[in-house]
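Engineer: Here is the input, now give the coordinates:
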Amino acid sequence: MREERIGEKLGKIVVRYERGRVEPLYFQWGTRDFHVRVLNSHWIDRMTRPIRYFFSVTADSGEVFLLSYREGEPVWYLDSLIVNGR
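Structural biologist: Numbering: from 1, shown residues only. The predicted structure follows:
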């Protein structure tokens, strides 16, 4: 497996805010739609300003994505895609 850097803004994302937690549920990348099947992990990078929040998710397609957003900004990013193979 390898990580392919994407670094693109997402056009659409649906997120659940519940009890102080943030959970991505659905996002659109280009013309493709992805429903989040599993939230693999999430973490906060407090060394950056603004603070960045990261989410590793597995989509219904089986692909693994790294999503993020910066505190105070309404924009989410597709940071990278985990690709099987070489």
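Engineer: now the most centrally placed residue in the chain, nearest residue through space, not along the chain?
Structural biologist: Centrality entry for the chain: nearest residue to the mean C-alpha point is L67, 1.7 Å, by CA atoms, centre = their mean. Distance criterion CB to CB, 6 or more residues apart in numbering; nearest residue to L67, sequence neighbours excluded, is F55 at 4.7 Å. (Glycine included, C-beta is placed from N, CA and C.)
Engineer: Count the residues that sit near the one you found.
Structural biologist: Close neighbours of F55, defined as other CB atoms under 10 Å, add up to 21.
Engineer: Just the residues contacting the helix or strand where it lies, thanks.
Structural biologist: Per DSSP states H and E, F55 falls inside strand 52-59. Contacts to strand 52-59, defined as CB atoms under 8 Å, 6 or more residues apart in numbering, come from residues 22-24, 34-45, 64-71, 79.
Engineer: Can you classify S61 by secondary structure?
Structural biologist: coil (DSSP: H, G, I helix; E, B strand; the rest coil).
Engineer: who's in contact with the residue lying closest to it once chain neighbours are set aside?
Structural biologist: Nearest residue to S61 in three dimensions, chain neighbours excluded: F34, at 6.3 Å (CB to CB, 6+ apart). Residues near F34 by CB under 8 Å, 6+ apart: Y26, F27, Q28, A59, D60, S61, E63, F65.
Engineer: Just the buried ones from those residues?
Structural biologist: F27, A59, E63, F65 (16 or more other CB atoms under 10 Å).
Engineer: Quick check: which element contains the last one?
Structural biologist: Just to be clear, that refers to F65. strand 64-70.
Engineer: Equivalent analysis for the first one, please.
Structural biologist: When elements are assigned from DSSP H and E, F27 belongs to strand 21-29.
Engineer: Now do that strand: which elements does it pack against?
Structural biologist: Strand 21-29 sits against strand 12-18, strand 32-45, strand 52-59, strand 64-70, strand 76-83, with contacts defined as 3 or more CB pairs under 8 Å, 6 or more residues apart in numbering; DSSP states H and E.
Engineer: Can you tell me what sits against the last one?
Structural biologist: Contacts with strand 76-83, where a contact means CB under 8 Å, 6+ apart, come from 1-10, 13, 15, 24, 27, 29, 54, 63-69.
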